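**Student:** return a 3D structure for these sequence lines:
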Amino acid sequence: MTVVIMVLLLVSSVSIWWMKRLSGKLTFFLDALGFLALLIVFAIASASIIRTLLDNAVFMTQVHEVLLNPLFIIGGAYLGPYFSALLFKNVMVGQKNIKSR
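**Tutor:** Numbering: from 1, shown residues only. This is a model prediction of the structure:
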């Protein structure tokens, strides 16, 4: 299962990187989607952490209920490939800079 997830992450990351090279509008859309996903994931995670602290349930498993939130899962599922594509782009740009020296 881990191998399948890693392959899907690689394929989706390269796909996002490739789509961002196609047009500026698509780049804007993918970046806006990444920003929205980041806001959603961190808002849900922080709300769950705050609720756990306020309920004094730090040593219980209440904080793990965040994993049942579909918005958290969808946002997190997009953030992995999105940030991997950004890193992949930086690696490719860095490689071009090294070759041009």
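**Student:** starting at the chain centroid, how far to stretch 87-94?
**Tutor:** Chain-centre distance of stretch 87-94: 17 Å, with CA atoms, centre = their mean, to the nearest Å.
**Student:** pull out the buried residues from that stretch.
**Tutor:** By 16 or more other CB atoms under 10 Å, the buried positions in stretch 87-94 come out as Phe88. (Glycine included, C-beta is placed from N, CA and C.)
**Student:** same check on stretch 74-86?
**Tutor:** Buried residues in stretch 74-86, counted by 16+ other CB under 10 Å: 75-76, 78-79, 81-82, 84-86.
**Student:** how about the CA coordinates for it, as CSV?
**Tutor:** This file holds the C-alpha atoms of stretch 74-86, laid out as CSV (Å, rounded to 0.1, in the frame of the first residue of the first chain):
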residue,chain,number,x,y,z
ILE,A,74,-9.4,16.1,0.7
GLY,A,75,-7.2,19.1,1.6
GLY,A,76,-4.4,17.0,2.9
ALA,A,77,-4.7,14.7,-0.2
TYR,A,78,-4.1,17.8,-2.5
LEU,A,79,-1.4,19.3,-0.4
GLY,A,80,0.9,16.3,-0.7
PRO,A,81,1.1,16.4,-4.5
TYR,A,82,0.9,20.2,-4.7
PHE,A,83,4.0,20.8,-2.4
SER,A,84,5.8,17.9,-4.0
ALA,A,85,5.3,19.5,-7.4
LEU,A,86,6.7,22.8,-6.0
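**Student:** what does it rub up against?
**Tutor:** For stretch 74-86, contacts defined as CB atoms under 8 Å, 6 or more residues apart in numbering pick out 9-10, 12-17, 20, 30, 33-34, 36-38, 40-41, 44.
**Student:** one more pass at 7 Å, please.
**Tutor:** 9, 12-13, 16-17, 33-34, 37-38, 40-41 (CB atoms under 7 Å, 6 or more residues apart in numbering).
**Student:** cool, stretch 1-18 as well?
**Tutor:** Stretch 1-18 is contacted from outside by 30, 80-82, 84-85, 88-89, using CB under 7 Å, 6+ apart.
**Student:** helices - which of the buried residues of stretch 74-86 land there?
**Tutor:** Residues from these lying in helices, with DSSP state H as the criterion: 75-76, 78-79, 81-82, 84-86.
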